[in-house]
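Asker: here's my sequence, what's the structure:
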Amino acid sequence: MLNPDTSTSHDIRILNSLIETTLDSADGYRRSAEEASNSRFATEFRQRATEREQIVTRLQDTVRSLGGTPEDNGSVLAAAHRAFLTIRDRATGSDDKSVLDEVDRGESYLNDKWQTALQDEQLSASTRSVLDQCYESVRSGRDQWAAINRNMAATS
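Answerer: Modelled structure (predicted):
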């Protein structure tokens, strides 16, 4: 494997950060699919998890092509947050509204992180192109769950 040079190290760092957060998102969707009582939501969550895993693979391939070593684990912060949610759910129970609230919160965080990366003026054109292509799934996921949460709030 190539050693990353200074011209690619910034791209690799940004890509690895997005890999870590997108892995967290895929994991969050898998967990949400397990907790959702509504089969429609569970199916949607599993589909989004698969999409996020495909994004991770694409980003990992890009890191490798730049001579770097791609992340393959989610963040420590996300693991701690999941542990907290497990404890909270055991104490209070979880329902679809709670699960959707967490998905929406996670999607907002992920979307913000991707937007920040896309605004980074130091990214190479080729890395920016990959991010632009992958971001479509992130954006559509964020929009979908925000709309579902608004609709649930309006009907409750």
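
Asker: which stretches in the chain count as helices?
Answerer: Using DSSP state H, the helices of the chain run over 6-35, 39-65, 76-92, 96-118, 125-155.

Asker: and those as TSV, adding mean neighbour count and mean pLDDT?
Answerer: Placement of C-beta: from N, CA and C, glycine included. Shown next, in TSV, are those (neighbours: other C-beta atoms under 10 Å; pLDDT from 0 to 100):
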stretch	mean neighbour count	mean pLDDT
helix 6-35	20	89
helix 39-65	18	94
helix 76-92	12	47
helix 96-118	18	85
helix 125-155	15	86
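
Asker: and E51, how close does it get to R40?
Answerer: 17 Å (C-beta to C-beta, to the nearest Å).

Asker: and R64, by the same measure?
Answerer: Taken as C-beta to C-beta, the span from R64 to R40 is 37 Å.

Asker: do D11 as well
Answerer: 38 Å.

Asker: same check, this time on L66
Answerer: Relative to R40, L66 is positioned 40 Å away (C-beta to C-beta).

Asker: please apply the same query to R31.
Answerer: R31 sits 17 Å away from R40, going by C-beta to C-beta.
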